[in-house]
Structures are given as structure tokens and as C-alpha cells.
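J.: sequence first, predicted coordinates after that:
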Amino acid sequence: MIPPIIHEIEARSALNAVQGMPFRWSLNPYKGCAHACTYCYARAYHAYLNLAPSTFESQLFVKLNVADVLRSELRKSSWRGDPVAIGTATDPYQPIEGQYRVTRRCLEVMADFENPGSITTKGTLVTRDIDVLSDLARRTDFGVNVSLISLDRDLLHRLEPGAPSPANRLRAIERLSAAGIPVSVFLAPVLPGITDAQEDIEAVVRAAAEHGARDVWTGALRLAPGVREGFMEMLRREFPNLAPAYGRFYSGANAPTGYQIRIEGQVSAARQAEGLGIAHMETRPTRPRRGQLALPI
């Protein structure tokens, strides 16, 4: 991969008000992400910078002062200590965090205020900050979510060319869990016909449990404008037999409701089998094979 162009910027605010999500506030120390995930919904956000979604991994923005701004915002009398989700629109532990350390500084601020929250990442650099993360976990409700959609290293290299291998992510989960930090796995998004075979889903859930994760959550791929175009181009290149089926399957941004229910049921059953939570769906999963796009029930 060609090294990205890095832009150093100053943030006017750190906390973002969020609607329609299970959390009210988010924090993103970076814009853009070198992990280059072909399916990432956040690609569309580059349009707000007057950049094409295809530049999401090649044009990165570092908010140099974001930790100082966060401290000022958490200090306000109006702040009620709501949970903050870190890394909702870009990975806070992508490689440039090794140089800039802005994510770590934000976590140190969160610890100073004992503010609850979570951090979501594919980056194994998260283990560098076990000290501050374990401190946060002891003092407040704070956990780490590790994104992992398959155990197939070669497949993930085609889908997420800049991200760490699944084996390295599992080792990171184990290290975080051993330090007393609550860890969940985001098996999301599930890609129809590519990562949705039941045996593959069960393998991810089993590996998550074996490495100390407390739970696994899921969701089907969403192809909104700005993401759809690049993803379909990748399909035509890497999975040409699936491209026409995806065009029919995704008549809109979301997968058909029946398919979403089935995926949730498969993951729920696997979670229950591994003791990772109470199954919340009664759907009986089917068994599509990789490369075969199942029709919605």
C-alpha cells in the first residue's frame, strides 16, 4: 500500500452528539483510516472534507489538540458524565497512533474524570495502553470492542488490506482480558456470501470466547452511497460471481430484513453455545456456504 498523506489539524470540539445509536456521544481522534476496509461505512464521511470516499485510507487527518479540547469539555459544569464511544468513524488505533498518541492522551483524560465509555478498534496497538485501559476499567464502566469478521487471514487481507491479522487481534483480546479489561467482539459487518457461512460465524464466536471476550455483537453489511460504489468495485475484482447478486440483494442501503434477522439468530445461537450471553432471537439459522448468496427468508 502507498503510504498515506497525513494532515495535522486543530479540533474545535472533541465530543460529537449522536442520534439513532445506543450511545449519545462519540469521539474520533482521527479522520480517515489506513486499515482501508472496503466495506467501512465511515468512508462516506470524507465527503464532508470535499474528498472522495476512495481517499479514506490515503488522506488521514490527526486532531493534534483533541485531548486538550476533551479535557475542557469534560470539565464543564453542564457535562453529566455520559458514556463516550471512541472510534465510531475511524480507528483510534490505526498505525499513525504509534506516532501521535492522541488516542492514549484522550484515554488519560477520560481516566482523570472517571468518565465511562468504550473504544472500538481493529488495531493491536491497543495493547500498548493496557495500563490506562485497566485503570479506566477499575474506576468506571469502560470496555474495548475489537472488530473481527472472519478468521480467514487471506480473505481479510482482500477485504481489510491495512488491518492486523485475525490471529494478532485474538492475541490482543487475550491480553486485554487477562488485564481485567472487558472485551467484546464486533462481528460486523457480516458480508453476504463472503463471511456469513454458519461454520465461519461459529468459528469467530468460539475463538472470541476462547481468548477471553465477554460477548459478540453483529450486524449485516450496509451499502450507503459513498460506500456502495467502492465496495461493488472490489466485488467485481475479487468476487466477480457475487457482484450481480449483490446488485439485486441490495436494492437499497440495507440488507433485506429477513437476512438481518437470520444473521442475528446465527450469532445469537453461537453466543449462547459459548456462554457469551442470552440468545435474543428465536430464529433458526440456515447454512449458506461461502460464495453462495442466500436469499432472504
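T.: Arrived safely, thanks for sending. Numbers count the residues shown, from 1 in each chain.

J.: from here on, just use CA atoms for contacts and neighbour counts.
T.: Will do.

J.: name the surrounding residues that touch the helix or strand that contains Gln99.
T.: Gln99 belongs to helix 97-100 when elements are defined using DSSP states H and E. Residues outside helix 97-100 that contact it (Cα atoms under 8 Å, 6 or more residues apart in numbering): Val62, Leu64, Thr103, Leu125.

J.: wait, the first one sits on Ile9?
T.: Yes: here Val62 lies in contact with Ile9, judged by Cα atoms under 8 Å, at a distance of 5.9 Å.

J.: ok, these two, which is more surrounded?
T.: Neighbours per residue, other Cα atoms under 10 Å: of Val62 and Ile9, the larger number sits with Val62, 21 against 13.

J.: partner strands of the helix or strand encompassing that one and their direction?
T.: Under the criterion DSSP H and E, the helix or strand holding Val62 is strand 59-63. With DSSP bridges as the test, strand 59-63 is paired with strand 5-9 (parallel), strand 30-31 (antiparallel).

J.: let me have those in a markdown table, extended by distance to Gly180 and mean pLDDT.
T.: Listed next are the strands paired with strand 59-63 as a markdown table, based on distance: least, Cα to Cα, whole Å; pLDDT from 0 to 100:
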| stretch | distance to Gly180 | mean pLDDT |
| --- | --- | --- |
| strand 5-9 | 34 | 97 |
| strand 30-31 | 27 | 97 |
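
J.: most tightly packed of those?
T.: Neighbour counts averaged per stretch over those are highest for strand 30-31, at a mean of 25; criterion: mean count of other Cα atoms under 10 Å.

J.: from the middle of its chain, how far away would it be?
T.: Mean-position distance between strand 30-31 and its chain equals 14 Å (Cα atoms, centre = their mean, to the nearest Å).

J.: cool, and stretch 61-79?
T.: Centre-to-centre, stretch 61-79 and its host chain are 23 Å apart (Cα atoms, centre = their mean).

J.: how about stretch 8-26?
T.: In terms of Cα atoms, centre = their mean, the centre of stretch 8-26 is found 16 Å from the chain centre.

J.: report how far apart the opening and closing residues of stretch 14-34 are.
T.: 21 Å (Cα to Cα, to the nearest Å).

J.: check stretch 173-186 too.
T.: 12 Å.

J.: now do the contacts for Asp152.
T.: Counting by Cα under 8 Å, 6+ apart, Asp152 has contacts Pro166.

J.: cool, the one 5 residues further on as well?
T.: His157 makes contacts with Ala163, Ser165, as judged by Cα under 8 Å, 6+ apart.

J.: tell me which element it falls in.
T.: Residue-wise, His157 maps onto helix 153-159 under DSSP H and E.

J.: could you point out which element follows that helix?
T.: helix 166-178.

J.: give me the residues contacting stretch 12-27.
T.: Looking at stretch 12-27 with Cα under 8 Å, 6+ apart, the contacting residues turn out to be 28-29, 66-67, 69-70, 73, 82-88.

J.: for stretch 66-84, same thing?
T.: Contacts with stretch 66-84, where a contact means Cα under 8 Å, 6+ apart, come from 10-15, 23-27, 29, 102-103, 105-106, 109, 113, 115-118.

J.: mind redoing it with 10 Å?
T.: 9-17, 23-30, 63, 102-110, 112-119, 140-142 (Cα atoms under 10 Å, 6 or more residues apart in numbering).
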